Every structure is written in structure tokens, then in C-alpha cells.
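# return a 3D structure for these sequence lines:
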Amino acid sequence: MDSLKTNHPLALSFLFNEELYVLNDGTAINEEIIQNSTPPEIPVLAEPASKKAEKPVFEYIGENNKYLLIIVKDPTQKFLNAKELEFLLKILSAKKLDLKDIAIINTETYDSLNFEDLKEYFALSKILTFGINPASLNITGITANKTGEYKNVKILGTWTLAQLEADVKKKTTYWNELKNF
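The predicted structure follows:
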């Protein structure tokens, strides 16, 4: 007599009329044995120690359509006061930019900020800072009022908006660098 060997599901359903389970070690047991036995203890796995922290979410004004982030520091406002925002928008309009093209965040709103989180969240290509030391964002090698690049992002940092607006010499220095930014 030949041995019965088949893999066809229909044929197997006629040959076996009870459920079979295959264990990790390759042995097969039927449902009756499972019902009459005590379930094995399943070890509880601890959370991995290196569980990745949640990604930060930033509040900002603007629509970030041109991936240009403007970082300011104003402890009295959520973003900027009206006068400084108007001055900033004048600077941007001279570069043919609008509020919809940029995103503005205020460092005072956050306990800590770092370049990597900002780059990932805003998909940055450029950063303008006003009154911010780039080192506070873990950015190195940037000189004030000189265009620099850090990890493929162009960066230009300068004085606060209030200082720029009040001093023609500072405004001129900044504008000369911003023209080519």
C-alpha cells in the first residue's frame, strides 16, 4: 500500500476531522490535548530601555511653504509683538517672501530646542535667527551676520529684530548678507 502524502487543502480536510496545532518544536497536538492541559506561563517582557521618545510638536505662525524657519526670542510674547512682526514682514517682502512662505517660532515657548528636531519637523532648507545664539540649538560653526551652512541647512543669525530696527548700521550689515541668502 502506498503512503498517503498530499498538501492539497481539500484532501487534507477529508483526512483530518479534528484541529491540529504545530508547536515551535515541530510536534503536532490536537485540540483535545490543548483543552485538558494547563496553559503555559508566558513571560512578560519588560519595556525596552531604549524606547524612542515621542517626537516634539512645535507651535508656529506661518505656513512654511518655502521651508524657511525664523527663530526669535521674546519672553513677553507667544511669537512676536505686532511691531516686530511688521518689521520682519517688511524684510521678508524685500526678499519676495510672505508669512505663508515661512514658519516663526519663539524659543521662549520651549524648555529646550535642538537642530535635529527642528530640521525633521519643519523639513528645513534655511534658518534665520534673531537674537539667538546658534549654539543653543546645537549648531556649531556659525558666525553672526555671516551666512553659514550646517548639515545642509543654510543659516543666518543676527541681532534681535528690535536692535535691527533701531540701528541703521546693523540693518545695513544684515541686509547686505541677507540679499544673497
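# averaged pLDDT, the longest helix anywhere in the chain. What do you get?
The longest helix of the chain (DSSP state H) is helix 82-94. What helix 82-94 shows for mean pLDDT is 93.
# buried sites along it?
Buried residues in helix 82-94, counted by 16 or more other Cβ atoms under 10 Å: 84-85, 87-88, 91-92. (Glycine included, C-beta is placed from N, CA and C.)
# adding distance to residue 178, write those out as TSV.
Written out in TSV, the entries for those read as follows (distance: Cβ to Cβ, whole Å):
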residue	distance to residue 178
84	16
85	17
87	13
88	12
91	7
92	10
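# how many neighbours does residue 109 have?
Close neighbours of residue 109, defined as other Cβ atoms under 10 Å, add up to 16.
# right, and it touches residue 80 too?
No. With contacts counted by Cβ atoms under 8 Å, residue 109 stays clear of residue 80, the gap being 11.5 Å.
# using PDB, write out every CA atom in the longest helix of the chain.
Output of helix 82-94 as PDB, limited to C-alpha atoms (Å, rounded to 0.1, in the frame of the first residue of the first chain):
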ATOM      1  CA  ALA A  82       3.000  93.400  16.400                       C
ATOM      2  CA  LYS A  83       5.700  96.000  15.700                       C
ATOM      3  CA  GLU A  84       8.500  93.400  15.300                       C
ATOM      4  CA  LEU A  85       6.300  91.200  13.200                       C
ATOM      5  CA  GLU A  86       5.500  94.100  10.900                       C
ATOM      6  CA  PHE A  87       9.300  94.900  10.600                       C
ATOM      7  CA  LEU A  88      10.100  91.200   9.900                       C
ATOM      8  CA  LEU A  89       7.400  91.100   7.200                       C
ATOM      9  CA  LYS A  90       8.900  94.200   5.600                       C
ATOM     10  CA  ILE A  91      12.300  92.400   5.500                       C
ATOM     11  CA  LEU A  92      10.700  89.300   4.000                       C
ATOM     12  CA  SER A  93       8.800  91.300   1.400                       C
ATOM     13  CA  ALA A  94      12.100  92.800   0.200                       C
END
